[in-house]
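# Quick one: sequence and predicted model below, then my questions.
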Amino acid sequence: MFLKGQYLTQSTKLGMGWLGVAAEAGIDEWSSQCSAFYNAASVVQQQQFDEIVALYKQQYGLKSQNVSCQKSVSAKHRFNEVKVDCEKYEGVVITSPIELVE
């Protein structure tokens, strides 16, 4: 939503932060999209992306939120649909406010 400016102010920086967190799940499409945006960015932008992805992973990432995900491919559909199942396990959760503006 941040990358496209859907329902909020467009921000490549914040969008890349969330895309970096999403890529943690190991979904090829998300990882590829994150890499494509990152590789197209300037060195300065890449440094900003590195900082925000690290911060967002620390605050909202799978490990910090005690979540593990497993992906599978559905053989029932001819398009080999990828399914992601995530489970939260015991542990302390730290909540952080979500930035909506850079």
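Alright, I've got the coordinates.

# Which parts of the chain are helices?
Assigned by DSSP state H, the chain shows helices spanning 12-23, 28-40, 43-60.

# And the residue nearest the centre of the chain?
Among the residues of the chain, residue 22 comes closest to the average C-alpha position under CA atoms, centre = their mean, at 2.2 Å.

# Touching, that one and residue 30? I think so.
Yes: taking contacts as CB atoms under 8 Å, residue 22 lies within contact range of residue 30: 4.6 Å. C-betas here are computed from N, CA, C, even on glycine.

# Provide the count of other residues in contact range of residue 20.
Residue 20: 23 surrounding residues under other CB atoms under 10 Å.

# That one and residue 73, how far apart?
Residue 20 sits 24 Å away from residue 73 when distances are taken as CB to CB, to the nearest Å.

# same deal with residue 13?
For residue 13, the distance to residue 73 equals 33 Å [CB to CB].

# try residue 89
Using CB to CB, which is the criterion applied here, residue 89 is 24 Å from residue 73.

# what does residue 11 give?
When CB to CB is applied, the distance between residue 11 and residue 73 equals 33 Å.

# the more surrounded of those two?
residue 11 (19 against 11).

# Next up, the contacts around the more buried one.
Under the criterion of CB atoms under 8 Å, 6 or more residues apart in numbering, the contact partners of residue 11 comprise 2, 5, 101-102.

# Show me how to select, in PyMOL, the buried members of those residues.
In PyMOL, a selection of the buried entries from these looks like this (16 or more other CB atoms under 10 Å):
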select buried, resi 2
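
# Check pLDDT for the contacts of residue 11 and point me to the minimum.
Ranked by pLDDT, the contacts of residue 11 bottom out at residue 101, which has 72.

# Now do the same contact list for that residue.
Applying CB under 8 Å, 6+ apart to residue 101 gives the contacts 9, 11.

# same thing with residue 33?
Here residue 33 is in contact with residue 19 (CB under 8 Å, 6+ apart).

# That one and residue 22, how far apart?
Looking at residue 33 against residue 22, where the rule is CB to CB, the gap reads 9 Å.
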